[in-house]
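> Here is my input; please provide its structure:
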Amino acid sequence: MKSRFGPSWYFGMVGIAWLVCLPVSLAQTEDLSVLSRWVEWSDAANLLQHHLNAQAFDLLEKRLGSIRALKTAENWKARQALVRAALERVVGPFPERTPLHARTLGTSAKEGYTIEKVVFDSVPNFPVTGCLFLPDQRRGKAPAILNVIGHTDISFRAPSYQRLILNLVKKGFIVLAIDPIGQGERLQYYDPAQRRSLVGGATTEHSYFGRQCFIAGSSAAHYFTWDGIRAIDYLVARPEVDASRIGVTGLSGGGTQTSYIAAMDDRVVAAAPANYIAGFRRLLESIGPQDAEQNFNAGILHGIDHADFLEVRAPRPTLVVATTRDFFSIQGARETFAEAREAFRLLGSPDNLSIVEDDFGHGYTRKTREAIYRFFQQHLNHPGDSADEEIAALPEAELTVTPTGQVSDSLGGETVFSLNRSLAEKLAARLEASRQNLPSHLERIKTEARRISGYPSGDSLLRTVYRGRYARNGYSLDMFVLQGEGNCLVPFIYMTPDLPGRRPGLIYLHPQGKSAAAGPGGDAEQLVKQGYAVLIPDLAGMGENGRTSDAVTFLAGQIGRSIAGVRAGEIARCVRFLSGRNEIDSERIGAIARGELAIPLLHAAAFEQSIKKIALLEPLTSFQSVVVNRYYTLDPAALVCNALTAYDLPDLAASLVPRALLVAGPVDPLQKPAGTEMIAKSFEVVRRSYSAQSASEYFTLKTMIPGQSLVEILGFWLK
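Residues are numbered from 1 along each chain as shown. You can find the predicted model right below:
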């Protein structure tokens, strides 16, 4: 019997296989991903956050070392003074107390209590709306509780909040519930025509104006805390209120506000933060930083942790409210409580700090509400029944304070944006005065920009891993991974023309990462054909490294760093890579950045003289423009907290003289072509700097013509 698989079948199969494989062998499909199929790099998108976490943990461990050394009441009192000073630096300084201009816009009598719809100004012409709940049965002056609210869009009008408020009122407490900024009737970006915020919900609003505050050296937390302090001013001014019996409580974002207000206002006799206290270590290990007002400006850098909010109050009564399945870590709540308990013990009142837990997710339970009632009844000297009663929630309309339901079109006045803009304008005037002595100004801003941006210090060993090569027509494309800070990675494409001798090198920064620039016929190929070796990296939080979120940006700000500073350090490492290549003329290394990547490039170029020429394509004109315009589109990675306290982007550009600088098509805060006036104002200091050193020919400011190729845009800059 003959075999079915004889010679003719074999050679036929070989022929078919050869035909199938022919296209692959002649034109291999390119895969420009560098990190794929390496287990060690499989978590690349989270490496930046892990790295910043590690730096935060080092700071928190240093703080813990100081705490462990506190052995006496006097030690703790000294620590409290340090914490108060730190809070003043990172949240304050607060403005002077101006007249509240308090007014009542309506009154509603209910069974057993009265509601007053109130407004007061926490700063001039910045209205705070709220409802004051007054129990009918009062014996003289009554204790009062400020209730600050979590991130519910309708604020204290939500049924779960009403239940707590009305139970407290039924038990004889006066309660003032106020609208947080960006919630309830205090939307900061409200459009009357659409009857909604133009930027999003509560947390989105908080972070939107919060970024502007951070750039100007302030914070959203500053405004939230001051509103609470002024709300207590309002309460103690009421004839019905016993000013010696003031409490504050709130859940979630309200727990955040409670923690801040109670730590910074000594009039708060009793405080009950709910579903917030977790400690920064556990917070960063789990859900990470939340919206802007839950982050201090360099708070962790200044040694602040959640426990400090409790300890600075010791031995005044404080109740930590927690639930076991909350996204705010129950482990962190227990650890924070355990640390703070030692302060209360040594200061003589261990029983004044307590904790209540229930098995629940994020929110109130009957058990936690009843614990809050008992806590205030005990410590505000107002005994009574602590049972939690079923309450019929009032319709939202009955708790609406302003005629239209929004401050902006009922009362007008300031917003956080406008208040922060005033601050930014003062900073801009100070910068302009400093620019009058330009040489010393530019030296100073380089030092300050290093510090403020968190640019990495030191010159660590350069480590790379080679991943492979593709040969293209006239040049080769090599793939590398460069070690960044800590365990961070910088995957990059390195394209070199098939030419003899040494050649100039370019770093090309594209907001969509290397894959958007390295394809056949793309931007990088245009540059290679001009005789350049081109390095296209994925910097931290872009391309194969994922994307940068607000959480990571706020984390960086908490520890005194910025993603722009991290990226600037990575750019410097890329320059070092090029400088070490035999085929590169190290005296002819330049860099090109598109869009907001101009920000880290400006920082890197200001600090690293080895970048010999710089081109910025469609760069943001200035940080100042983001802060003085109500609306903007700023990638989170572009945020540099406190920048305007010392410098702006044009100052960095001015410091590059006499190196060749091309700025093409600068954009406004909405990423649209900037107007003539904005451009002239922003780049005047750059022109002046280049002119002062007789280097005007090395600075080029031009518009972008639609349809131009990259080589056409760069023009003579490439020569």
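> so residue 33 makes contact with residue 544?
Yes: using C-beta atoms under 8 Å, residue 33 makes contact with residue 544 at a distance of 6.3 Å. All C-beta atoms are positioned from the backbone trio N, CA, C, and that covers glycine.
> From the domain annotation, what segments belong to each domain of the protein?
Domain assignment for the chain by automatic domain parsing gives 90-392, 435-718.
> What's the local residue count around residue 693?
12 (other C-beta atoms under 10 Å).
> mind listing what it touches?
Residues near residue 693 by C-beta atoms under 8 Å, 6 or more residues apart in numbering: 657-658.
> Reformat the domains of the chain as JSON lines; add distance to residue 56.
Formatted as JSON lines, the domains of the chain follow (distance: least, C-beta to C-beta, whole Å):
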{"stretch": "domain 90-392", "distance to residue 56": "5"}
{"stretch": "domain 435-718", "distance to residue 56": "5"}
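> just so I know, which of the ones you listed lies nearest residue 61?
domain 90-392 (8.7 Å; C-beta to C-beta).
> From residue 223, how far off is residue 233?
Between residue 233 and residue 223 the distance is 15 Å, computed by C-beta to C-beta, to the nearest Å.
> and what of residue 581?
51 Å.
> Enumerate every residue touching the residue nearest the centre of the chain.
Nearest residue to the geometric centre of the chain (C-alpha atoms, centre = their mean): residue 554, 2.9 Å. For residue 554, the contact set (C-beta under 8 Å, 6+ apart) comprises 289, 292, 295.
> which one of residue 581 and residue 223 has more residues nearby?
residue 223 (26 against 16).
> so the more buried one sits right up against residue 419, yeah?
Yes: using C-beta under 8 Å, residue 223 is in contact with residue 419, at 7.4 Å.
> Report how many residues lie close to the closest residue to residue 281 other than its chain neighbours.
Distances taken as C-beta to C-beta, 6 or more residues apart in numbering place residue 60 nearest to residue 281, at 5.5 Å, with adjacent residues excluded. The number of residues packed near residue 60 is 20, by other C-beta under 10 Å.
> Touching, residue 60 and residue 280? I think so.
Yes: with contact defined as C-beta under 8 Å, residue 60 reaches residue 280; the gap is 5.9 Å.
> Show me whatever sits in contact with both of the two.
300, 305.
> Now do the contacts for residue 388.
Taking C-beta under 8 Å, 6+ apart as the criterion, residue 388 is in contact with 163, 167, 366, 369-370, 373.
> can I get the residues you listed in JSON lines with neighbour count?
Output for the contacts of residue 388, formatted as JSON lines (neighbours: other C-beta atoms under 10 Å):
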{"residue": "163", "neighbour count": "19"}
{"residue": "167", "neighbour count": "21"}
{"residue": "366", "neighbour count": "12"}
{"residue": "369", "neighbour count": "24"}
{"residue": "370", "neighbour count": "16"}
{"residue": "373", "neighbour count": "22"}
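> TSV for those, including distance to residue 452?
As requested, those are exported to TSV (distance: C-beta to C-beta, whole Å):
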residue	distance to residue 452
163	46
167	48
366	49
369	44
370	48
373	47
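> with these in mind, which one is nearest to residue 526?
Ranked by distance to residue 526 (C-beta to C-beta), the contacts of residue 388 are led by residue 163 at 65.0 Å.
> Low-confidence stretches in the protein?
Scanning the chain with the threshold set as pLDDT under 70 gives 1-28, 458-459.
> again, 50 this time
By pLDDT under 50, the low-scoring segments of the chain are 1-27.
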